[in-house]
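Trainee: Generate coordinates for the sequence data below:
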Amino acid sequence: MNEIIAYGLLFATLAIFGWIGYQAGVKNDLNEDEYLSARGSQDWLRIGLSLFASGMGIWILFGPSEVGYYGGFWDVVGYAVSAATPFLLLAYVGPMIRERLPSGVTLADYVRIRLGRPMQVYVGLISVLYMFTFLFAEFTAIGKAMETLSEIEPLIAMGMVGIVTAAYISQGGLPASLATDRVQAWTIMFLVVALLLALFGGDINGLIADAKASNPEDSWSIGSMSYMDSFESGLALVVAITAAEMFSQGNWQRAWASESDEALTKGAWLAAGLVLPLVFIMGVLGTVVAGQGAVDDPSAAFFYLIEDAGTLFVAAFIVLAVALVCSSVDTLQNAIVASISGDLSDNTMSLQNARFLTIGLIPIAIYLATGPTIGGFTFNALGVFEIFLFADLLAAATVMPVLLTLWGEVSTKGALLGAVCGLLSVVAYGTFTGDLGTGIEYVFSPTNEFGLANLNVFLSAVIGSTIVTIGGSKVLPDASA
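Mentor: Have a look, this model is predicted:
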């Protein structure tokens, strides 16, 4: 595509979202609570669309198709299910937490009243690590997508997205994010459906045959919908991603933004119902690419299907890519600020400083998105994947001690002990199957011999933390129990 046209589409799309977000911010004189929570202001449809849009980052154009390219049927299913299960959990446990803490903003706010300040800080740190990694990964993806679609310089695309989203989120906070989410959600759904219909409207039998076929050239790729031996790795995706997404505070902000428990529940179900089939289809398209043969960059597998598309098709994808990245980036900016200002700084940060922090996150995220090497660590695709997996494991070891406080007689000491022993269980598993060094290595790199998420490692974290939390609470009950 002509670069001038591509830049025009990029600028025009960002200008529309920027204007919507700015208008949502300036028409309200926000206080600190409204800036971070938009408390009780959203009906079920708005919540559902917002959860869908904020969850559907530009990763949807890369992640599922790459998983489909390398994995088989169950990897595709696992990735789709893992995208929906956090919303289903939110629909179930969200109303419980809202009832116990009507004035909350993040999950760590609830953790504080139930498990104390130290656990709040720990949960806040996990959340910030996960969300900030997600943030600069999204910038990496938009740079790569724009370069692939139109040869736009990645840094320019990243910079424009960062400037616009930081401008309207620093001004309007969560209300601005919610306002843009609605437009972005409808844009994403319309464009995705139209583009997929155009794609499948061609040789549908050929696509199905390629999806079922094995990769004839790439021995690392087992991406075939006929391959059924990937259940373990597919389940690992569900466990790892579901646990991590429970610490994505953008979802929890929207729990308190809901006008009622019913609005939250229905909205979360709507988001899950929209996300699951979309991720599944994108994963299947990755297996189609695999069936056609090896590609140079499997992370961009989906784009190989549209490389010969016409200008109008590419133009629609540019708008879609911008909508996807803005919907997730603005959510992550505000959610990270909510965690830092509330969970880590103990609500000592002023609204003005929160706005400054929103802006300050962007140059750091964009710098990391360019792939620098810092202290011997390179922020490339593999490096970012390792950070994600480390954050996922921390979440897997912590999610049950937190959620179990909603049921039974879970004590503060029992939950704290459970979170610690979740990680120790990983070390124990590694020691049992190998040696102590293997166990320690699993904590920082919970992968199997293929470099993928290791199901047994994540299960050991979840199961170990659950058993110790329950047992520790029986032995060390709270004083009031």
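Trainee: For stretch 407-421, buried residues please.
Mentor: V410, S411, T412, K413, G414, A415, L416, L417, G418, A419, V420, C421 (16 or more other Cβ atoms under 10 Å). For every residue, glycine as well, the C-beta is placed using N, CA and C.
Trainee: Mind jotting down where the helices sit in the stretch 51-200 of the chain?
Mentor: 63-70, 73-100, 107-115, 117-150, 154-200 (DSSP state H, counting those that start in this stretch).
Trainee: ditto for the stretch 251-400 of the chain
Mentor: In order along the chain, the stretch 251-400 of the chain carries the following helices (DSSP H, counting those that start in this stretch): 261-292, 311-338, 351-369, 381-403.
Trainee: Can you tell me which of those is packed in deepest?
Mentor: Per residue and on average, the most neighbours among these fall to helix 311-338, with a mean of 25 (mean count of other Cβ atoms under 10 Å).
Trainee: Which elements pack onto that helix?
Mentor: Counting contacts by 3 or more Cβ pairs under 8 Å, 6 or more residues apart in numbering; DSSP states H and E, the secondary-structure elements packed against helix 311-338 are helix 3-26, helix 32-37, helix 44-55, helix 117-150, helix 154-200, helix 249-257, helix 351-369.
Trainee: Give me whichever of those helices is most buried.
Mentor: The highest average neighbour count among the helices and strands packed on helix 311-338, using mean count of other Cβ under 10 Å, belongs to helix 249-257 at a mean of 28.
Trainee: out of the helices and strands packed on helix 311-338, nearest to G451?
Mentor: helix 117-150 (17.3 Å; Cβ to Cβ).
Trainee: pLDDT on that closest one, on average?
Mentor: pLDDT averaged over helix 117-150 equals 93, rounded to a whole number.
Trainee: just stretch 474-481 next, same as before
Mentor: Per-residue scores along stretch 474-481 average to 79.
Trainee: And for it, what's in contact with it?
Mentor: E409, S411, T412, K413, G414, L417 (Cβ atoms under 8 Å, 6 or more residues apart in numbering).
Trainee: Contacts for the lowest-mean-pLDDT helix or strand in the chain, please.
Mentor: Within the chain, judged by mean pLDDT, DSSP states H and E, the helix or strand with the poorest mean is strand 377-378; its value is a mean of 86. Contacts to strand 377-378, defined as Cβ under 8 Å, 6+ apart, come from residues G371, P372, G383.
Trainee: neighbours around the second one, how many?
Mentor: Meaning P372. Neighbourhood size, P372 [other Cβ atoms under 10 Å]: 11.
Trainee: Which residues are in contact with it?
Mentor: So, once contact is read as Cβ under 8 Å, 6+ apart, P372 ends up touching T378, F379.
Trainee: what does M225 give?
Mentor: Contacts here follow Cβ under 8 Å, 6+ apart; on that basis M225 touches G72, F73, V76, A211, K212, V284, T287.
Trainee: which among the contacts of stretch 474-481 gets closest to A391?
Mentor: Once Cβ to Cβ is applied, the member of these that ends up nearest A391 is L417, at 21.4 Å.
Trainee: still on that earlier bit, arrange the contacts of strand 377-378 in CSV, one row each, with distance to L89 as further columns.
Mentor: Below are the contacts of strand 377-378 laid out as CSV (distance: Cβ to Cβ, whole Å):
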residue, distance to L89
G371, 33
P372, 35
G383, 29
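Trainee: separation between R114 and A268?
Mentor: R114 sits 22 Å away from A268, taking Cβ to Cβ, to the nearest Å as the criterion.
Trainee: now do A391
Mentor: With Cβ to Cβ as the criterion, A391 and A268 are 23 Å apart.
Trainee: Q249 too?
Mentor: Taking Cβ to Cβ as the criterion, Q249 is separated from A268 by 15 Å.
Trainee: and if you look at W252?
Mentor: Plainly put, W252 is 11 Å away from A268 if you go by Cβ to Cβ.
Trainee: Same check on T438?
Mentor: 39 Å.
Trainee: any idea how far T242 lies from A176?
Mentor: Here T242 is placed at a distance of 28 Å from A176 (Cβ to Cβ).
Trainee: Adjacent strands (with direction) for the least confident helix or strand of the chain?
Mentor: strand 373-374 (antiparallel) (DSSP bridges).
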